[in-house]
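Peer 1: next comes the sequence, and after it the predicted model I'd like to discuss.
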Amino acid sequence: MSVTSGELFARDPSENNSWKNTLEAFSNLIDRSAVDATRRHNTALNEITSSLQCAANMHRYNMKSMKCRLGNLDSKIDTILNQSDLLVEKNKMKSRSEMEYLEERLLEMASKYAASVEKECCIIKNRLKQQDEIGIRKVKNMEATLSMEEFGLHVSHETNRQVEVARLLPDNPQYIRCKRAATDNVKAHFFGSSSDYSGINVLNVFKIENKPLLRAFQRQAVNLKPGSVKGLFCDAPDGCIEKVVVQGMFNDDFGRKLFQQKVSIPGHDTCIGKAKERYESSISCPFPTTFSKYSTLQGAFLNGDSPKYLLLCRVIVGDVFVTSNGGFPAVDHRGKFDSMYSSSQEEYLMLNPAAVLPEFIIRYDLVNRYSSSCDFDNYKSSLIEPDFSSGYIEESSFEKPSWIIPRFRPINVEKSHALKQLVRTAEIQAGKKRIHENAKDQRENLWKKIVQTLNE
């Protein structure tokens, strides 16, 4: 029987079949290999199981360690968060304290501003009052000057130019000499430290040219001794200037002869002249009267700040009776002497009107020690005045302001008390609500500028 396939070959029962032995040997080999594979498989499975158990143990350990670490981390995070909250709260408190300090400073500045504006208003009112007084005095001085010039024009016309009086301009040499003589010849210590006045101020100087008085004076000056003619000052009351110009120290009979009986004005009837009317309405200058080289006599204190008159005269002292007493004795002087001299007062008492020739009229006033002038044309104020229209409010109607001073700043009790008083006064005068609103607006504007700067 022929073998055609491997299966038949393997089933061949003959003993000479070598393939059967080979198959058995192969089968045994396979069985042994299977046993080794099973053993290796079991070994690998055991290793895998041990690895899984080790991994599980490691995982449990890692999880436990991770949970422990997470717990510590949570506590640290909580601690950090708490510290952050404390820091935030501390910053808020600091910011609040700084804000309160800024508000306090703004309120202080606003209060000082209100107080300074109030003081400035008082100063300006006083200056305006002083300026009004100066203006009134200037107007009165101008009226008096024009009145005197008017009198000079009329008296020159009505006396046929025998008597003339004219105002000297400030650049005139005679004006300068008269002003210097009046201001420099002030008695030493005449204006004491307790006096309200400190000197004199020359307003106008008028020159008198009286021909009849000059002729009478020249007749007296014939054959004089050297040094007999002096330039001396004399007080003149305000209402006697017209008669001093016309008749000097003589009586009215001397002056009336100089005027025309009637004055002709073109287009009008003849009438009494204005100069003569003023002459008749004025008073005679007291005579005998005192003369001195000093321009500050006791009459300077009469009528307070109103303008006064000094006469600068040429005087013939002639034969002098000297007295050391405080005044002039009442003695019969006729034919014995022409004047008296008091060495204690340094004054002459003139007895002969013909020996006195008035040459200049000096109009002056006293300089007030405490007055000050202000240039209002150049005065400018950059301050914005608050509204004081609400009027005065009693302090009791306000609540006491709450003062919070930051703890990081030293406290000056006296300064704090003074500041409270200052702010309270400003709140009463300017209005507490207005000051706080002003501070709030300034703070908001400041923050807007800060934000704008940061954004840029």
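Peer 2: Structure received. Numbers count the residues shown, from 1 in each chain.

Peer 1: going forward, measure contacts and count neighbours with C-alpha atoms only.
Peer 2: Fine.

Peer 1: and the helices in the protein?
Peer 2: Under the criterion DSSP state H, the chain contains helices at 6-10, 18-158, 173-184, 211-220, 241-247, 252-256, 274-281, 413-430, 432-455.

Peer 1: between the ones you listed, which one is closest to N325.
Peer 2: Smallest distance to N325 across the helices of the chain (Cα to Cα): 26.5 Å, for helix 173-184.

Peer 1: would you put the C-alpha positions of the closest one in CSV?
Peer 2: What follows is helix 173-184, C-alpha atoms only, in CSV (Å, rounded to 0.1, in the frame of the first residue of the first chain):
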residue,chain,number,x,y,z
PRO,A,173,13.3,177.2,43.7
GLN,A,174,11.4,179.3,46.3
TYR,A,175,8.9,176.5,46.8
ILE,A,176,11.7,174.1,47.3
ARG,A,177,13.4,176.4,49.9
CYS,A,178,10.2,177.0,51.8
LYS,A,179,9.4,173.3,51.9
ARG,A,180,12.8,172.4,53.1
ALA,A,181,12.7,175.2,55.7
ALA,A,182,9.3,173.9,57.0
THR,A,183,10.2,170.3,57.1
ASP,A,184,13.8,170.6,58.4
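
Peer 1: hmm, back to that, any idea which of the helices of the chain is most buried?
Peer 2: helix 241-247 (a mean of 26; mean count of other Cα atoms under 10 Å).

Peer 1: elements contacting that helix?
Peer 2: Helix 241-247 sits against strand 163-167, strand 197-210, helix 252-256, helix 274-281, with contacts defined as 3 or more Cα pairs under 8 Å, 6 or more residues apart in numbering; DSSP states H and E.

Peer 1: okay, those in JSON lines with distance to K336 and mean pLDDT next?
Peer 2: Listed next are those as JSON lines, based on distance: least, Cα to Cα, whole Å; pLDDT from 0 to 100:
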{"stretch": "strand 163-167", "distance to K336": "32", "mean pLDDT": "93"}
{"stretch": "strand 197-210", "distance to K336": "29", "mean pLDDT": "90"}
{"stretch": "helix 252-256", "distance to K336": "25", "mean pLDDT": "79"}
{"stretch": "helix 274-281", "distance to K336": "34", "mean pLDDT": "88"}
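
Peer 1: turn the ones you listed into TSV, columns for distance to S344.
Peer 2: Output for the helices and strands packed on helix 241-247, formatted as TSV (distance: least, Cα to Cα, whole Å):
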stretch	distance to S344
strand 163-167	35
strand 197-210	22
helix 252-256	33
helix 274-281	36
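
Peer 1: so which of these is nearest M93?
Peer 2: Smallest distance to M93 across those (Cα to Cα): 62.0 Å, for strand 197-210.

Peer 1: what helices or strands is the closest one leaning on?
Peer 2: Counting by 3+ Cα pairs under 8 Å, 6+ apart, strand 197-210 packs on strand 163-167, helix 173-184, helix 241-247, strand 356-368.

Peer 1: so in that sheet, which strands flank it, and in what orientation?
Peer 2: According to DSSP bridges, strand 197-210 forms sheet pairs with strand 163-167 (antiparallel), strand 356-368 (antiparallel).

Peer 1: that one vs helix 18-158, what angle?
Peer 2: With axes from the mean of the first three to the mean of the last three Cα atoms, to 10 degrees as the basis, strand 197-210 and helix 18-158 are set at 40 degrees to each other.

Peer 1: who's in contact with strand 197-210?
Peer 2: For strand 197-210, the external contacting residues (Cα atoms under 8 Å, 6 or more residues apart in numbering) are 141, 145, 162-169, 175, 178-179, 182-183, 186, 191-192, 245-246, 358-370.
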